[in-house]
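Student: no letters, just coordinates:
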């Protein structure tokens, strides 16, 4: 089509552009702008950090198989085809003759990653990477290989510290894992499947993931696979904020969720390993559980927080401090406890022998106590548990269930002494609300709300006075553990 007027032609073209939308050039420019918007370029960061990320190879000694025609091969021949030892061969289990030690060879056991934290050769990795290794080899990206000494490892946090004899090594700066924010860019460098210096990137998905007593893990969507373990998680400033340690997987490979040990926690462990070769932790000898919203409401706590004490170890620091089963620990050494998992970490990082204040919630009010932290032993000692005496089923017919669905009986003085209790009643029948809450015959009822239970008559009187529109908190002892169960009173059974 030809236009006699240039002005008319320009008007028609502009109208067509408005109808058809942006041109290809404009679209390409917009896409380029979007691709450059707020997306990091990792190239310089990787180039600077990679020299300090190492490959860790472990080996073990195994008995060497005999060469063709050797005594080992002949012994196997006699065993397999004749079912008897080779003539002249020593009996099974006989130690080798003096001067003839058993032949052994070094075989590869596993691979992992690590990173250098000091120029004089200290290397950090995961404890499971070097566990049970006979020899540990550290290989740098420039292909230098060193035999490493294991300074120490801590299975509870999965942190290990190695040392190689070298100086002037490249090292990675350490960041502050407390300043990590969900959504920030991070990258991992390591040796997945033995592929040295592989780089993957992603974002921090969450902080404080509880997958262990002593570690609030950093969760990311960075691709981490077997062999990445022990490698660094690095922020955009080139600082290590975590050690890649675990993945969530149903297949054994990466599925979009990985976990890193916060570097602050790892450094606390490594400093102890460096100074003494082991890690000491505090303990106060209590078993704890989470405080649910229902428990908090029923006890007048306001909101769900703190750690609910389920049991107190006899003779332990908590018992000496006056802590009782059913207490809720709100603060430890002035620090708030939001979740039960906060308490083991706070106690664990406290030096044994330190006396610290605790704030408790008991019977509708806060209490302040002091406790002397003891040392956590490497392995817990088994404690004898006193089980409930077998009950005669005919006792269940002694009365009808109350509004909580319970029939209870008094505890003899001898039984109270055996259980180390001041008072309580024993459950004979659990029905209705009690049965749905998980109470069963043989359990001991210690407290209803803020009131200690002294005998069966008093307990039933308390139940009759409950507001049926409100949830009641029942403190139940089973074995050595005490738990708080929430029940809504119903109509008393007429059976």
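Tutor: Perfect, thanks for sending it. The structure displayed is predicted, hence computed values, not measured ones. Numbers count the residues shown, from 1 in each chain.
Student: so where's the protein shaky on pLDDT?
Tutor: Applying pLDDT under 70 to the chain flags residues 1-38, 62-106, 211-214, 249-253, 378-399, 491-495.
Student: biggest strand in it by residues?
Tutor: strand 198-212 (DSSP state E).
Student: can you give me how far the helix or strand that it is followed by is from the chain middle?
Tutor: Next along the chain after strand 198-212, taking DSSP states H and E as the criterion, comes strand 215-220. Strand 215-220 has its C-alpha centroid displaced from the chain centroid by 9 Å (CA atoms, centre = their mean, to the nearest Å).
Student: strand partners (parallel or antiparallel) of the following helix or strand past strand 215-220?
Tutor: Sequence-wise, the next helix or strand downstream of strand 215-220 (DSSP H and E) is strand 232-235. Each strand paired with strand 232-235, and its direction, by DSSP bridges: strand 185-190 (antiparallel), strand 240-247 (antiparallel).
Student: and the longest strand of the chain, which strands flank it?
Tutor: When DSSP bridges is applied, strand 198-212 pairs with strand 185-190 (antiparallel), strand 215-220 (antiparallel).
Student: tabulate the ones you listed (a markdown table), appending distance to residue 348 and mean neighbour count.
Tutor: Using the backbone N, CA and C atoms, a C-beta is placed for each residue, glycine as well. Output for these, formatted as a markdown table (distance: least, CB to CB, whole Å; neighbours: other CB atoms under 10 Å):
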| stretch | distance to residue 348 | mean neighbour count |
| --- | --- | --- |
| strand 185-190 | 26 | 24 |
| strand 215-220 | 10 | 24 |
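Student: these: which one's closest to residue 126?
Tutor: strand 185-190 (10.7 Å; CB to CB).
Student: out of the strands paired with strand 198-212, which gets nearest to residue 148?
Tutor: For residue 148, the closest of the strands paired with strand 198-212 is strand 185-190, at 16.7 Å, according to CB to CB.
Student: now do that closest one: distance to the chain's middle.
Tutor: The answer for strand 185-190 is 21 Å, by CA atoms, centre = their mean.
Student: neighbouring contacts of it?
Tutor: 40, 42, 45-46, 49-50, 53, 112-113, 115, 197-204, 220, 222-224, 227-236, 241, 244, 258 (CB atoms under 8 Å, 6 or more residues apart in numbering).
Student: if we go to 6 Å?
Tutor: With contact meaning CB atoms under 6 Å, 6 or more residues apart in numbering, strand 185-190 is reached by 40, 42, 53, 113, 199-201, 203-204, 220, 222, 224, 228, 231, 233-236, 244.
Student: hmm, back to that, can the strands paired with strand 198-212 go into JSON lines with extra columns for distance to residue 313?
Tutor: Output for the strands paired with strand 198-212, formatted as JSON lines (distance: least, CB to CB, whole Å):
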{"stretch": "strand 185-190", "distance to residue 313": "41"}
{"stretch": "strand 215-220", "distance to residue 313": "24"}
